[in-house]
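J.: for reference, the sequence and a predicted model appear below.
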Amino acid sequence: MTLFYEYSYIFTQCGFVSTSIANTLFIYLTILHIKKITGTYKVMVLVFSFIGLFFSAWELVSRPFCHNYNKALMYFSLNTWLAEYPEFLRIAIGIYAALYIVILAIIAVQFLFRYFTLCQQNFARKFGGTGVIVWMFYVFLSGSIYAGTMHVFCGSDEFSDSYMRLDKIEQSYEQMYRGTLTNVRHCRWGVIKFLLSGVAIIALQYLIIIYCGVSMHNVLQKEFAQQSVVNRKLQKQFFRALVVQTIVPTFLFVLPIAPFLIGPLIQPFFLFEMNFETGWMYVILCLYPPIDTIAFMLIVSEYKTATLEMFKPVLPKGVKVTSEISTSTAAAVTRQ
């Protein structure tokens, strides 16, 4: 049977190319053409886009993959051109995992900022200036804690190596490792500590997102009657964009991976057998950055207008490009 990992690199390359095109266009438009997103929020969306681009590029280096076998979860890199540096690849996988948490943390920070922009504009201003250093520190600290616990608690040991060095597992990846799993790193009991810390970090981000999201929705419903049509459209667009940024990684990665992360813990109690190539989850995640960027540009109308303006010389005659929201009014709303 042909293994999924044989096609994973092509899939990852396609994800990188898609991300490069979408995020480069997004960055170009945001810096030079978008007038409604200014100040601190502009910094946030640009940082988010740059990290998404780096995340996609780093996947080409780390090439993470994993395999569930009963009570064990084995993770490793499919990178063959750096196979002589197993410790580097182990660190590369940790950085890859950290980048995912960084992306989630930036979304949480954006929710906080939009919430305070609606409810406490004076406090929202603290996100700018030196405040940028504070929330950037929080974002990268969250990723560092996740990667650090992964590195400390998910190392190999003799018993785990023996457990995973089975003929059917070894033969599955012998093309890369020539029949040995010596350089593979995986989790045994340390996975419990890693999962507890990882779940805590992820839960904190979702707690912020859910609380601010619900609060923003309630505020928007109450205050909409007092706001102009222009402001209502703009706030709705930003809110929908943040919701999409949250939903996409949740359904694309968090929910699919949860059963396989928990599986090794509950397998001994239910006595069912597990032998799955679960690395496809990491490969699918490469779709997140381009999907997120394209969705943001489709939701925020000024990006559609700016994109059409770029291609205006090649558009058929009679096609008109109009903006739905006043630039001056919208810029005043988002500037902090």
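T.: Sure thing, it's come through.

J.: enumerate every residue touching the closest residue to residue 57 other than its chain neighbours.
T.: Spatial nearest neighbour of residue 57, excluding adjacent residues (C-beta to C-beta, 6 or more residues apart in numbering): residue 16 at 6.2 Å. C-betas here are computed from N, CA, C, even on glycine. Going by C-beta atoms under 8 Å, 6 or more residues apart in numbering, residue 16 touches 56-57, 59-60, 286.

J.: tell me the two of those residues that are most distant?
T.: 57 and 286 (10.3 Å; C-beta to C-beta).

J.: more neighbours, the two?
T.: Between residue 57 and residue 286, residue 286 has the larger neighbour count (other C-beta atoms under 10 Å), namely 21 against 13.

J.: how close does the more buried one sit to residue 52?
T.: Distance of residue 286 to residue 52, computed by C-beta to C-beta, to the nearest Å: 11 Å.

J.: and the contacts of residue 16, which is closest to residue 75?
T.: residue 59 (13.9 Å).

J.: buried residues in stretch 297-314?
T.: Across stretch 297-314, burial judged by 16 or more other C-beta atoms under 10 Å covers 297, 299-303, 305-307.

J.: pLDDT on that stretch, on average?
T.: Confidence for stretch 297-314, expressed as mean pLDDT, is 81.

J.: use 17 as the first number from now on
T.: Yes, from this point I'll number from 17; that puts the last item at stretch 313-330.

J.: C-alpha coordinates for that stretch, PDB please?
T.: Extracted in PDB, the C-alpha atoms of stretch 313-330 (Å, rounded to 0.1, in the frame of the first residue of the first chain):
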ATOM      1  CA  MET A 313      -9.500  39.700   2.100                       C
ATOM      2  CA  LEU A 314     -12.900  38.500   1.000                       C
ATOM      3  CA  ILE A 315     -14.600  39.600   4.200                       C
ATOM      4  CA  VAL A 316     -13.000  43.100   4.500                       C
ATOM      5  CA  SER A 317     -14.400  44.900   1.500                       C
ATOM      6  CA  GLU A 318     -11.500  47.300   1.000                       C
ATOM      7  CA  TYR A 319      -9.200  44.400   0.100                       C
ATOM      8  CA  LYS A 320     -11.600  43.400  -2.700                       C
ATOM      9  CA  THR A 321     -11.700  46.900  -3.900                       C
ATOM     10  CA  ALA A 322      -7.900  47.400  -3.800                       C
ATOM     11  CA  THR A 323      -7.400  44.000  -5.600                       C
ATOM     12  CA  LEU A 324      -9.800  45.000  -8.300                       C
ATOM     13  CA  GLU A 325      -8.000  48.300  -8.700                       C
ATOM     14  CA  MET A 326      -4.700  46.500  -9.200                       C
ATOM     15  CA  PHE A 327      -6.200  44.500 -12.100                       C
ATOM     16  CA  LYS A 328      -8.300  47.400 -13.400                       C
ATOM     17  CA  PRO A 329      -6.200  47.700 -16.600                       C
ATOM     18  CA  VAL A 330      -7.100  44.100 -17.600                       C
END
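
J.: now do the same contact list for residue 228.
T.: Residue 228 neighbours (C-beta under 8 Å, 6+ apart): 124, 127-128, 130-131.

J.: next, format those residues as CSV and append distance to residue 260 and neighbour count.
T.: As requested, these are exported to CSV (distance: C-beta to C-beta, whole Å; neighbours: other C-beta atoms under 10 Å):
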residue, distance to residue 260, neighbour count
124, 15, 24
127, 12, 24
128, 18, 19
130, 14, 22
131, 17, 21
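
J.: how about the strands in this protein?
T.: For the chain, applying DSSP state E gives strands covering 80-85, 88-93, 201-203, 291-293.

J.: least reliable of those by average pLDDT, please.
T.: Among the strands of the chain, strand 201-203 scores lowest, at a mean of 46.

J.: who are the contact partners of residue 28?
T.: Residue 28 neighbours (C-beta under 8 Å, 6+ apart): 75-76, 79, 299, 302.

J.: give the burial count for residue 114, as a bare number.
T.: Around residue 114 there are 22 residues (other C-beta under 10 Å).

J.: circling back to that earlier point, which of the buried residues of stretch 313-330 fall within helices?
T.: Members of the buried residues of stretch 313-330 lying in helices (criterion: DSSP state H): 313, 315, 317-319, 321-323.

J.: helices of the stretch 167-316 of the chain, start to end?
T.: Taking DSSP state H, counting those that start in this stretch, the helices of the stretch 167-316 of the chain run over residues 174-180, 183-188, 190-193, 206-239, 245-265, 271-286, 296-300, 304-315.

J.: any idea which of those helices scores lowest on pLDDT?
T.: Across those, helix 190-193 gives the lowest mean pLDDT, at a mean of 50.

J.: quickly note the distance from the closest residue in space to residue 72 that isn't next to it in sequence to residue 303.
T.: Leaving aside its chain neighbours, residue 72 sits nearest to residue 35 (3.9 Å; criterion: C-beta to C-beta, 6+ apart). Relative to residue 303, residue 35 is positioned 9 Å away (C-beta to C-beta).

J.: so residue 78 touches residue 112, yeah?
T.: Yes: counting by C-beta atoms under 8 Å, residue 78 touches residue 112, with 4.2 Å between them.

J.: the two: who's more crowded?
T.: Neighbour tally, residue 78 and residue 112, criterion other C-beta under 10 Å: the higher count belongs to residue 78, 24 against 20.
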